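Undergrad: below is the structure, and that's it, no one-letter string:
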Ligand SMILES: O=S(=O)(O)c1ccc(O)c(O)c1
Ligand SMILES: [Fe+2]
C-alpha cells in the first residue's frame, strides 16, 4: 500500500553535471540562447524565455557527465510531505533538505525512485523575470519553455505502472504484436508529456526537451549550427514526430547529453483523453515522414547519479529492443500495413 502521491504540476528543471562548464555554457547560452539567471564559478542556472521560476537547467562541473536530479514542481508546500511519505512507503531512499540543495530553490525532497532515477520535488522557488514580452531579447531560435524529460528504463511496463501511480497520465505508447511495450509518454500538464519512458538499459536520461513557439525557430537553430560549423551537434532531425505530432530536432551537447528542441504537440487535458498506441513496425511512428531513426538515438543516453552522487548501475533490458526489430537487416517497417507488395521497407542503416 503506498501513500497518496505528491500533486506534481510539471517537469521544472534538470541538474546536469558537465565536464567543462565553459564549453557547456557556450553551447547552452551562446548557441541555444538560454537565459542565465545566476552563475558562479561552479554552477550556472539557466531558464527559458517564458520561464518565471529561477531555473530550468543547472549546469554543474563534475568528473562524470550525468544527471544529478530531475526536478518536479508540486502544487503546494504540503505536497513535500506527500512526496516524502509516498517514497518512504515505496522503500526508496529519501533526502529532505529544508534549505534546498541549490541556489534559487527552497525546501526539496529528493528521492532515488524505484526505477533508480534521482527525482526531486519542490514548491518554494525564487522568481526570475519572465521575458515573454521581451521580443527584443528573442533570437530567431528562441527557446521558450522546458517541455519534458525522456528516461531510459529496462521495463517500460513496470515503469509505466510506477509513473501512473505517481499521478502521470499515459498519452501515447509504442507496442508490438509481440505484446512488448517499447516506449510510452506520460503527462501532468495538458500536453503530450512531462516525461517518457524509452525501453533500454537503464536508468539513464535519454533527453531533456525545450520548446520553441514555431517550427521556423527550429530550422533557424539548424542553420545557425551550420553557419558555426557545428552541424555535428545535430543527431536526428529536423522532422515531424508521429508520436506527439511535434516538430523536432535532437542535439548532443559537449558531453553528449541529448537535447530535444520541440514544438507544436497537442492538448491532452480532458480526463478521457484517448491514448494513442502505435505499432512498433509502423515506419511513421517516430518520424511521420518515414525518415530513419539514427542508431545512436536508440543506444546513447546519460548516466544518472544516486543520492550520494555516484553513478547508478545499469540493468539491461530483457525484452526485445526497438532498434533490433525495426532497423537493420532483421528489422522491417511498413508505410502501409496492408500493402505487402510495396509498403514494407527493411530498416535503414545510415
Ligand atoms: O520519436 S517519437 O515520435 O516517438 C517521439 C515523440 C515525442 C518526443 O518528445 C520524442 O522525444 C520522441
Ligand atoms: Fe522528446
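TA: Noted; the coordinates are in hand. Owing to the predicted nature of the structure, the values given are computational and were not obtained by experimental measurement. Ligands and ions are numbered 1, 2, ... in the order given.

Undergrad: longest helix anywhere in this structure?
TA: Longest helix in the chain by number of residues (criterion: DSSP state H): helix 215-227.

Undergrad: which SSE is immediately downstream of that helix?
TA: Toward the C-terminus, helix 215-227 is succeeded by strand 234-240 as the next helix or strand (DSSP states H and E).

Undergrad: up against ligand 2, what does the stretch 151-300 of the chain have?
TA: Proximity of the stretch 151-300 of the chain to ligand 2 (Cβ under 5 Å from the ion) is limited to residues 209, 260. From N, CA and C alone the C-beta is placed, and that goes for glycine too.

Undergrad: ranges for the strands of the stretch 151-300 of the chain?
TA: Taking DSSP state E, counting those that start in this stretch as the criterion, the stretch 151-300 of the chain carries its strands at 169-175, 181-187, 195-199, 204-211, 234-240, 247-252, 258-263, 276-279.

Undergrad: beta partners of the residue nearest to residue 101 when sequence neighbours are not counted?
TA: Nearest in space to residue 101, with sequence neighbours left out and distances taken as Cβ to Cβ, 6 or more residues apart in numbering, is residue 108 at 5.4 Å. In this entry, residue 108 is beta-bridged to residue 97, residue 122, by DSSP bridges.

Undergrad: pull the contacting residues for residue 108.
TA: Each residue near residue 108 by Cβ atoms under 8 Å, 6 or more residues apart in numbering is listed here: 80, 96, 97, 100, 101, 120, 121, 122.

Undergrad: so how far is residue 69 from the fourth one?
TA: Right, residue 100. 11 Å (Cβ to Cβ, to the nearest Å).

Undergrad: residues contacting stretch 275-291, please?
TA: Counting by Cβ under 8 Å, 6+ apart, residues outside stretch 275-291 touching it are 170-177, 180, 182, 237, 239-243, 245, 293, 322, 325-326, 332-335, 337, 345.

Undergrad: buried set for it?
TA: 276, 278, 280, 281, 282, 283, 284, 285, 286, 287, 288, 291 (16 or more other Cβ atoms under 10 Å).

Undergrad: coming back round to it: so residue 100 and residue 69 - more neighbours on which side?
TA: residue 69 (23 against 17; other Cβ atoms under 10 Å).

Undergrad: pretty sure that one contacts residue 15?
TA: Yes - using Cβ atoms under 8 Å, residue 69 is in contact with residue 15, at 4.2 Å.

Undergrad: picking that back up, and the contacts of residue 108, which is the shakiest by pLDDT?
TA: Lowest pLDDT of these: residue 101, 86.

Undergrad: assumed that one was part of a strand.
TA: No - the assignment for residue 101, made by DSSP: H, G, I helix; E, B strand; the rest coil, is coil rather than a strand.

Undergrad: how about residue 58: what's its closest non-neighbour residue?
TA: Spatially, and ignoring its direct neighbours in sequence, residue 58 is nearest to residue 15 (4.5 Å; Cβ to Cβ, 6+ apart).

Undergrad: does ligand 1 sit close to the helix or strand containing the one you found?
TA: Secondary structure assignment for residue 15, by DSSP H and E: strand 8-18. No - using Cβ under 6 Å from any ligand atom, strand 8-18 never reaches ligand 1; the gap is at least 11.7 Å.

Undergrad: can you list contacts of the helix or strand just after that strand?
TA: Note on strand 8-18: by DSSP H and E, the next helix or strand toward the C-terminus is helix 21-25. Outside helix 21-25, the residues that touch it by Cβ under 8 Å, 6+ apart are 16, 18, 39, 41, 42, 44, 59, 60, 61, 253, 254, 255.

Undergrad: rerun at 7 Å
TA: Contact with helix 21-25 is made by 18, 44, 59, 61, 253, 254, as judged by Cβ atoms under 7 Å, 6 or more residues apart in numbering.

Undergrad: before we move on, what about stretch 328-335?
TA: By Cβ under 7 Å, 6+ apart, stretch 328-335 touches 281-284, 290, 324-326, 343-347, 349.

Undergrad: for stretch 12-20, same thing?
TA: With contact meaning Cβ under 7 Å, 6+ apart, stretch 12-20 is reached by 24, 53, 55-62, 64-73, 146, 149, 208, 254-255, 257.

Undergrad: run a quick neighbour tally on the residue of the stretch 1-150 of the chain found nearest ligand 2.
TA: Relative to ligand 2, the nearest point of the stretch 1-150 of the chain is residue 150 (4.9 Å; Cβ to the ion). Using other Cβ under 10 Å, residue 150 is surrounded by 20 other residues.

Undergrad: in stretch 152-167, what counts as buried?
TA: By neighbour count on 16+ other Cβ under 10 Å, the buried set for stretch 152-167 is 152, 153, 154, 155, 156, 159, 160, 162, 163, 166.

Undergrad: pLDDT and distance to residue 317 for those - can I get that in a markdown table?
TA: Below are the buried residues of stretch 152-167 laid out as a markdown table (pLDDT from 0 to 100; distance: Cβ to Cβ, whole Å):
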| residue | pLDDT | distance to residue 317 |
| --- | --- | --- |
| 152 | 98 | 9 |
| 153 | 98 | 8 |
| 154 | 98 | 4 |
| 155 | 98 | 7 |
| 156 | 98 | 9 |
| 159 | 98 | 11 |
| 160 | 98 | 14 |
| 162 | 98 | 16 |
| 163 | 98 | 17 |
| 166 | 98 | 21 |
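
Undergrad: for the protein, give me the ranges with low pLDDT.
TA: Residue ranges of the chain with pLDDT under 70: 1-2, 347-350.
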